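>>> I need the structure of the sequence given here:
(2 chains)
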Amino acid sequence: MIRTQLAAVLHKPSVRLKILLITLLFIPTLIEQLTMIVPYADSFGKEGQVTVAIMLLHVFNYLYFYVDVLLAGFILLIPDIVRDEYIDKQAIMLSASRKKAAGIALARIVSFSVLYVLWFLLLTVMISGVWLRNFSLAWPHFISVIQKQAAGWSGWYMQLVMLPENCMDYPVLVVLFLIVVRSTLGFIFLGMLAGLITLLTKKTKYGVGIVIFLLAVTLFLYYDFDGGFLLCYDASVPAEQARVMTDLIKATLVPFFTFRSLTDNFTYWIQYGIVCGLVLCIVTSAGIWLYYQKGDLDNADQDE
Amino acid sequence: MRYCIYLDFKRGLTNKRFWAVLGSVSFIFLLHVILDGVWPLTHYYYGGEESFYLWGGRIYTSQGEIEALSNMELFSDFFPFLCAAAYAYTIIDDRRQGYYIQQLQRIGFPKYYWGKLIASGLLGGLFGALCMVVICLVSMLFTAWNPFIREAVDFCAGWDALYRDTTSISRYVGWGSGRAYCNITSSVVWYFLGGVKYFVMGVLYGLLASMIAFLTDNKVIMYAGPVIYLLLQDKWLYLFLDLLHTVFSRPVVTERFSLRSGRILYGDLYHYFLLFFMIALLLNLAKLLQYRIERFYMEGGSADD
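Sure thing, here's the model as predicted:
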């Protein structure tokens, strides 16, 4: 049933157009990043080159990439992912069960999110594979140089490749797997949240709106206010440390898609991202499940 | 025709959604300015180290805030979306609610089509210009409370004199700073030019959104289309320039031809040239597609999501 649903949605002309547009956006952005990251890595010396694995880590760990391509594309696809009145009714009629319809709706969001991430994973491997021709799974030297630089820093430290300290304690593939899982959970959560809001308000625009709102809050805090606001001023300590800030970055979308600073602890942040993602996915999927048991599944709007 | 444009323009201007979106944008600007000002002011009132709060106070000027607000990532990325939200959505609403049938019976399709297109462009432009007005008003009103405003202005004047030729925000009108027809010294004139730039940019995005609305009858694509167009142009321009890097200087061209609202090139004629070229292209495209859209409307084509 879920395979039929996926095929039905993927055959819609508007979905194909949207995927084409996002892919057309993804390719030059990836090449742009490749043209930037290669000289950037070279500037640290010739001991280590950029590999396809590092490029994957960079793409799925760079907020700019998400904002300009992956999240923009996901927002565009939300109306097709979260709700399809015809398919829902068909599922209820065929199985005569609201539980099964709820399961199918949840499976549709999860499958689309996973497929979405896999598609861009595949594109990254193909394009950066052709561009770099380096499939090594060893950590390149420049990552350790960046981390040594970051270790001597007390505040925030940002670099083009955002892989914080102690990520090199793990093999590259493990780090890549964890980062991709974290991103996928982020997309699943956003899809489920949009689905839940769409069901509750009966308007797809509110489902899309909530994701745009979360993205706007993230951009506002991350780019303009370093993740928090001034809480108070502590005159008893040196001036450089006198700012007591609220730390709101963990309440935004940042932990799903990137790290705040190179001075962060990799293990802690990835744990936080994955656990938080899992909890939020469970909560929102429970919401969708409960709505399907009791709620009114009729009268889907025409907003999308 | 003029009357149709006037009616649509009036309808858009008296619509609460237009003002609600502008209000939301103003609130975000206001929040940004207040939060930016908290730092130097609290330092001052709580008696922080003098050199430290003086530095904070020095950068809190109206000019600094106007630049910060114009460069806001949120504003740059969402500007096309805001211009689409100014009026273009009514094209889809009218179609969904059947109101377009009553209008078509009275005025005919060409007047309906061009009235909506031009009103959407003008209202998108007006929205852009109003954003600049709000940015200036909010910045000027709140930075006036800065206790170091005198020092701040002196500091910024010195900074401007030092870096005028090297920064991308040097104020000129012409084909690049090296070929400027005139350098703008008055802030009023400069920010007025900013309003003009946002107006032209808003017209482009408003027109684009209305074209997408007529063609697709899909709200999500209508709102996202201008943003996607902006991103596509940015990325592909970068890619082509990268391939042609021996012929053109990439940073200069991407800076001037990028359609992101954050580029503070209020007097750059390359920038205006691209905007007017794109508007002319869109109007021609609208003319070419008029018959196809008319047939789609007359046949009552189904909405596709």
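>>> Show me what the helix or strand that contains B:Trp114 is packed against.
For B:Trp114, the host element (DSSP states H and E) is helix B:109-143. If contacts are counted by 3 or more CB pairs under 8 Å, 6 or more residues apart in numbering or on different chains; DSSP states H and E, helix B:109-143 sits against helix B:2-13, helix B:16-45, helix B:62-70, helix B:73-84, helix B:89-97, helix B:99-107, helix B:187-216, helix B:269-298. Any C-beta I mention is one placed from the backbone N, CA and C, and that applies to glycine too.
>>> Could I get these in TSV, plus columns for distance to chain A, mean pLDDT and mean neighbour count?
Output for the helices and strands packed on helix B:109-143, formatted as TSV (distance: least, CB to the nearest CB, whole Å; pLDDT from 0 to 100; neighbours: other CB atoms under 10 Å in any protein chain shown):
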stretch	distance to chain A	mean pLDDT	mean neighbour count
helix B:2-13	19	86	16
helix B:16-45	5	82	17
helix B:62-70	8	81	22
helix B:73-84	4	87	23
helix B:89-97	6	88	19
helix B:99-107	14	84	14
helix B:187-216	8	92	23
helix B:269-298	15	90	15
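>>> Let's have the ones you listed in CSV, adding distance to A:Ile109.
Shown next, in CSV, are these (distance: least, CB to CB, whole Å):
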stretch, distance to A:Ile109
helix B:2-13, 36
helix B:16-45, 28
helix B:62-70, 37
helix B:73-84, 24
helix B:89-97, 26
helix B:99-107, 34
helix B:187-216, 24
helix B:269-298, 32
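>>> returning to what we had before: so for the helix holding B:Trp114, what gets flagged as buried?
For helix B:109-143, a neighbour-count test (16 or more other CB atoms under 10 Å in any protein chain shown) marks B:109, B:111-132, B:134-136, B:138-140, B:142-143 as buried.
>>> Quick check: nearest residue in space to A:Ile143, chain neighbours excluded?
Excluding its sequence neighbours, the residue lying closest to A:Ile143 (CB to CB, 6 or more residues apart in numbering or on different chains) is A:Leu163, at 5.9 Å.
>>> Can you give me the neighbour number for the nearest residue to A:Asp80 once chain neighbours are set aside?
Closest residue to A:Asp80 apart from its sequence neighbours, by CB to CB, 6+ apart: A:Val15 at 5.0 Å. Around A:Val15 there are 19 other residues, counting by other CB atoms under 10 Å in any protein chain shown.
>>> what sits against A:Val15?
A:9, A:77, A:80 (CB atoms under 8 Å, 6 or more residues apart in numbering or on different chains).
>>> returning to that earlier point: the helix holding B:Trp114 to helix B:269-298, inter-axis angle?
Per axes from the mean of the first three to the mean of the last three CA atoms, to 10 degrees, the angle that helix B:109-143 makes with helix B:269-298 is 140 degrees.
>>> pretty sure A:Tyr40 contacts A:Leu160?
Yes: contact criterion CB atoms under 8 Å: A:Tyr40 and A:Leu160 qualify, at 5.2 Å.
>>> Those two: which is more packed in?
A:Tyr40 (17 against 13).
>>> Tell me how far the most far-flung residue of chain A relative to its centre lies from A:Pro28.
Here chain A reaches farthest from its C-alpha mean at A:Ser236, the gap being 40.5 Å by CA atoms, centre = their mean. The gap separating A:Ser236 from A:Pro28 is 52 Å, by CB to CB, to the nearest Å.
>>> same check, this time on B:Tyr266
28 Å.
>>> of these two, who's got more company?
B:Tyr266 (24 against 20).
>>> Now do the SS call for that one.
coil (DSSP: H, G, I helix; E, B strand; the rest coil).
>>> Name all residues that make contact with the residue nearest to it when sequence neighbours are not counted.
In space, and not counting its chain neighbours, B:Tyr266 is closest to B:Leu193: 3.9 Å by CB to CB, 6+ apart. Applying CB under 8 Å, 6+ apart, we find B:Leu193 in contact with B:173, B:184, B:266-267.
>>> Which stretches in the stretch 1-150 of chain A count as helices?
For the stretch 1-150 of chain A, the helices defined by DSSP state H, counting those that start in this stretch occupy A:2-10, A:13-42, A:52-59, A:63-65, A:71-82, A:85-95, A:98-132, A:141-151.
>>> Now the longest one: buried residues?
Read that as helix A:98-132. Those would be A:98, A:101-106, A:108-113, A:116-117, A:120-121, A:124, A:127-128, A:131-132, for helix A:98-132 by 16+ other CB under 10 Å.
>>> and what of the shortest one?
By 16+ other CB under 10 Å, the buried positions in helix A:63-65 come out as A:63, A:65.
>>> go on, the first one?
Within helix A:2-10, the residues that qualify as buried are A:5, A:9, counting by 16+ other CB under 10 Å.
>>> picking up where we left off before, wait, isn't the residue nearest to A:Ile143 in contact with A:Asp264?
No: if you go by CB under 8 Å, A:Leu163 and A:Asp264 don't touch, sitting 10.1 Å apart.
>>> B:Val133 and B:Val196 touch, don't they?
No: under the criterion of CB under 8 Å, B:Val133 makes no contact with B:Val196, lying 11.9 Å away.
>>> ok, B:Gln233 - how many residues close by?
16.
>>> Go ahead and confirm it touches B:Leu274.
No: at 9.3 Å, B:Gln233 does not count as touching B:Leu274 under the criterion of CB under 8 Å.
>>> what is in contact with these two at once?
Common contacts of B:Gln233 and B:Leu274, defined by CB under 8 Å, 6+ apart, comprise B:Leu259.
>>> Would stretch B:231-247 count as contacting chain A?
Yes: against chain A, stretch B:231-247 shows contacts by CB under 8 Å from any CB of the partner chain at B:231-232, B:235-236, B:238-239, B:242.
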